[in-house]
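sequence? don't have it. structure:
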């Protein structure tokens, strides 16, 4: 019941989380580490109590849009984190955040959270591994960008980052939403019908986080001072991949058929976006393809709790960083 | 309690914004028929006046909806305050004296609860 409630609040945050934060609403989720559904206070004593045998290797899991840390749970109750703890002795930590905020806002918050974790963690952190599902991957990249700008010390501990179904080049579903609302507004204004602009207004209530997915905005400059509802405006500033981090990408496709796979991807994120195959007009960093894996007959959400995906993570973890 | 307050605010906001949007749509919907009517019917029929009465009635109804919502919202706020105060008092009564050590490890507070 509690988990259902948290998930419902996660969905609400993803939908209108920016409004909730702006109005000081108590339903707005603050970025925090969570364990067993409860927020973990970021101080040494609380972390030591929650993790009696902390490892110097820590893996941070960041969920996606309209989600919570429960997305990482496999059918048998384990998570990639608990499995990594068993197999490699790594300490797993889970982030919960308001996915309705701009990706860059969450990136800055994650940067701050990891900086504090580095100070408060009971033993010195030697390696920090970042795993992001869907939007969570963008938040990780945004945090790395913010960390690089502020010279955050945690960044030097990161050797590997994993992106599961992350829309590195944006999501066409959001672009469709943008076109639809623009057309509805224009139609309403042209024929003088008051209903169609109202529908457009309601659809435009979707959060800043959702709108950031249109072109995978990672930086504040991508959205600041712009009209979020303007028609298909790509204001993305390229964020170069940090050379000190090895970037691993996992994409899913619903179908085995290569044409259908290319067209529909995992139903939410197309293959080209999830594998980071950027072209010059995308104004995005091109991901090296040697650490990209594509799994077929898998949907977007399953990427966060699928034994086959864990098999890939495990194989990558067996390689030296 | 913070979340209950948030839920209450969300409902009040939704009614407030929804009511304003519906009011605007209702007035806009009848604007054109009234314009056409004003051109068709004889001058002695006060179409403009009828439209003003209609718009005033619509504004009145929606204003009342918003007023009642705000009153109910404020009442819920008071109820939440009372429940919160009683809870705090009960927690204070149950807490061990300051010189006694706590019997179990305190769990970290949930900052979003």
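Done, it's in. This one's a predicted model, so the numbers in the text were calculated from it and none came from an experiment.

I figured residue B:84 was touching residue B:5, is that so?
No: contact criterion C-beta atoms under 8 Å: residue B:84 and residue B:5 do not qualify, at 9.2 Å. Placement of C-beta: from N, CA and C, glycine included.

For those two, work out which one has more neighbours and name it.
residue B:5 (19 against 14; other C-beta atoms under 10 Å in any protein chain shown).

and whatever helix or strand that one lives in, which residues are buried?
Using DSSP states H and E, residue B:5 maps to helix B:2-40. Within helix B:2-40, the residues scored as buried using 16 or more other C-beta atoms under 10 Å in any protein chain shown are B:2, B:4-10, B:12-13, B:15-16, B:19, B:21, B:23, B:26-28, B:34.

what about that helix, average pLDDT?
Summarised as a single mean, pLDDT over helix B:2-40 is 92.

Point out the residues in the stretch 201-321 of chain A that sit beside chain B.
Applying C-beta under 8 Å from any C-beta of the partner chain, one finds that the stretch 201-321 of chain A approaches chain B through residue A:201.

Of all the residues in the stretch 201-321 of chain A, which one is nearest chain B?
Residue nearest to chain B within the stretch 201-321 of chain A: residue A:201 (7.1 Å; C-beta to the nearest C-beta).

list the contacts for that residue?
Applying C-beta atoms under 8 Å, 6 or more residues apart in numbering or on different chains to residue A:201 gives the contacts residue B:21.

secondary structure class for it?
Using DSSP: H, G, I helix; E, B strand; the rest coil, the structure places residue A:201 in helix.

what's the longest helix along chain B packed up against?
What stands out as the longest helix in chain B, according to DSSP state H, is helix B:47-94. For helix B:47-94, the elements it packs on are helix B:2-40, judged by 3 or more C-beta pairs under 8 Å, 6 or more residues apart in numbering or on different chains; DSSP states H and E.

between the helix it packs on and helix B:47-94, how many degrees?
Angle of helix B:2-40 versus helix B:47-94, following axes from the mean of the first three to the mean of the last three C-alpha atoms, to 10 degrees, is 180 degrees.

Could you see whether chain A lies near the helix holding residue B:5?
Yes: using C-beta under 8 Å from any C-beta, helix B:2-40 reaches chain A at B:2-7, B:9-10, B:13, B:21, B:24-25, B:28-29, B:32.

and the two most separated of those residues?
B:2 and B:32 (46.6 Å; C-beta to C-beta).

Tell me who's in contact with the residue in the stretch 151-300 of chain A positioned nearest to chain B.
Residue of the stretch 151-300 of chain A nearest chain B, by C-beta to the nearest C-beta: residue A:194 (3.6 Å). Contact analysis of residue A:194 by C-beta under 8 Å, 6+ apart lists A:188, B:24, B:25, B:28, B:29.

please redo it, this time with the cut-off set to 6 Å
B:25, B:28, B:29 (C-beta atoms under 6 Å, 6 or more residues apart in numbering or on different chains).

Next one: it, what pLDDT does it get?
At residue A:194, pLDDT is 85.

from what I can see residue A:168 touches residue A:276, true?
Yes: counting by C-beta atoms under 6 Å, residue A:168 touches residue A:276, with 4.2 Å between them.

Between those two, point out the one with more neighbours.
residue A:168 (28 against 25).

Wasn't the more buried one part of a helix?
No: under three-state DSSP, residue A:168 sits outside any helix and is assigned coil.

Model confidence for it, exactly?
On pLDDT, residue A:168 comes in at 95.

same deal with residue A:233?
For residue A:233, the predicted pLDDT is 89.

Any idea how many residues pack against it?
Neighbourhood size, residue A:233 [other C-beta under 10 Å]: 13.

Give the helix, strand or coil label for the nearest residue to it once chain neighbours are set aside.
Nearest residue to residue A:233, sequence neighbours excluded (C-beta to C-beta, 6 or more residues apart in numbering or on different chains): residue A:226, at 6.7 Å. Secondary structure for residue A:226, judged by three-state DSSP, is coil.
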